[in-house]
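*Asks:* could you look at this predicted model? Sequence included:
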Amino acid sequence: MLGFDENAGTVTLSPALDAVVPGRYGLWFSRDTGHARLGEIVHRSPRSVTRRVLGVDFGDLALAARGRFSGWFYLSPRDLGYPFEEVEIPTSLGPAPAWLIPSEAATGRWAIQVHGRAVSRAETLRAVPVFHDAGYTSLLVSYRNDGDAPSSGDGRYALGDAEWLDVESAIQFAVEHGAREVVLMGWSMGGVTVLQTATRSRLAGVVRGLVLDSPVVDWASTFEFQARLLHLPGFIGSVAFAVVGRNWGGRVTGRDGPIDTGRLDMVRNSARLTLPVLLLHSDDDGYVPSDASHALAAARPDIVAMETFSVARHTKLWNYDPERWERAITKWLIELGAK
């Protein structure tokens, strides 16, 4: 349900769990042909929630009957007001587009932002200001099969097991353009992707640390959780995850080959991690449970710091409390620089 009151500058939505959390958010409407930015809650009842409309980027909100709540608040680097470049990163599959937002001074510090599954690099724009203020050049990348970068032969996601190769290419690009040290930040599936990069890449020596927002740390627990969301027994998710790791699984998934599911469990493989990690996760995530993040923090307290939210939902921690989110990252970056 969606109702726009142009005179009041508000939109009324069904009270879904994401829609009732305080903060600033995006709203995709009319089958994603329109986008608006929403602010504070002005009224809430058991059957609806009304929020302030901060702006409509495109589309006619008055004609929209349905919408999709989103953590995307910015859609382009232009929305941030920083100078930026459209660049292409050479990968093994071809050039992958990226946004390059340089720091004000040539510090040699770069932050590479890696978005999650079924979204695009625009998801990561929220992180640019905090890294820019800390003197980092930001590189917001695309990767295979995300709709912007080249597709692999099968056109299927590998859950981080192959996407990390494109992040490695982004590190190579950064080094060739002046980076001396790199921080990788991954969102949702981007989290497991940068964890794979840090533990498998020949360029991992350039990486100083990892920031993970609502990350997948262990796909098995995520598959089980999502099965339960579909009102299925959790073991159905476990079976589905096991299938993608089998040689014959491609007959079901459409992939050309199996995924190394064991390598993607970063709790079990926590000993492979050698870099400082900042984990940002909400315990009510609703898509990727935070259990594995807590388990990784418990397994590696020597290098993992965790900032736990309680009501921020999935990849919407900045939207819910940008001051706390940015403060946690700034503090961690300062500590990283002191090491």
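*Replies:* Happy to help now that I have it.

*Asks:* lowest-pLDDT helix or strand in this protein?
*Replies:* Sorted by mean pLDDT, DSSP states H and E, the helices and strands of the chain end with helix 250-253, the least confident at a mean of 74.

*Asks:* direction included, what does whichever helix or strand comes after it pair up with?
*Replies:* Helices and strands here follow DSSP states H and E; after helix 250-253, the next one along the chain is strand 277-282. Paired strands of strand 277-282, with direction, are strand 207-213 (parallel), strand 304-309 (parallel) (DSSP bridges).

*Asks:* contacts for the least confident helix or strand of the chain?
*Replies:* Asp154, Arg156, Val243, Val244, Asp256, Gly257, Pro258 (Cβ atoms under 8 Å, 6 or more residues apart in numbering). From N, CA and C alone the C-beta is placed, and that goes for glycine too.

*Asks:* and the third one, which helix or strand is it part of?
*Replies:* Of the helices and strands defined by DSSP H and E, Val243 is found in helix 234-244.

*Asks:* residues contacting that helix, please?
*Replies:* Residues outside helix 234-244 that contact it (Cβ under 8 Å, 6+ apart): 159, 219-220, 222-228, 249, 252-253, 255, 258-259, 261.

*Asks:* in PyMOL, select just the buried ones from those residues.
*Replies:* Per 16 or more other Cβ atoms under 10 Å, the buried members of the contacts of helix 234-244 correspond to this PyMOL selection:
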select buried, resi 159+219+220+222+223+224+225+226+227+249+253+255+258+259+261
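
*Asks:* what's around the closest residue to Pro77 other than its chain neighbours, how many residues?
*Replies:* Nearest in space to Pro77, with sequence neighbours left out and distances taken as Cβ to Cβ, 6 or more residues apart in numbering, is Phe84 at 4.0 Å. By other Cβ atoms under 10 Å, the residues close to Phe84 number 17.

*Asks:* isn't Phe84 up against Leu100?
*Replies:* Yes. Counting by Cβ atoms under 8 Å, Leu100 is a contact partner of Phe84 at 6.3 Å.

*Asks:* burial count for the residue lying closest to Gly135 once chain neighbours are set aside?
*Replies:* Leaving out its chain neighbours, the residue that sits closest to Gly135 by Cβ to Cβ, 6+ apart is Thr107, at 4.5 Å. Neighbours of Thr107 under the rule other Cβ under 10 Å: 15.

*Asks:* now the residue lying closest to Leu203 once chain neighbours are set aside: how far from Thr124?
*Replies:* Nearest non-adjacent residue to Leu203, counting by Cβ to Cβ, 6+ apart: Ile171, 4.5 Å away. According to Cβ to Cβ, to the nearest Å, Ile171 stands 16 Å off from Thr124.

*Asks:* equivalent analysis for Val21, please.
*Replies:* Counting by Cβ to Cβ, the gap from Val21 to Thr124 is 20 Å.

*Asks:* ok, Trp110 next?
*Replies:* Taken as Cβ to Cβ, the span from Trp110 to Thr124 is 14 Å.

*Asks:* pLDDT at the residue nearest to Gly135, what is it?
*Replies:* Confidence at Thr107, expressed as pLDDT, is 94.

*Asks:* tell me where the longest helix sits in the chain.
*Replies:* Ordering each helix of the chain by length in residues (DSSP state H) puts helix 322-337 first.

*Asks:* mind giving me the packing neighbours of that one?
*Replies:* helix 128-133, strand 207-213, strand 277-282, strand 304-309, helix 317-320 (3 or more Cβ pairs under 8 Å, 6 or more residues apart in numbering; DSSP states H and E).
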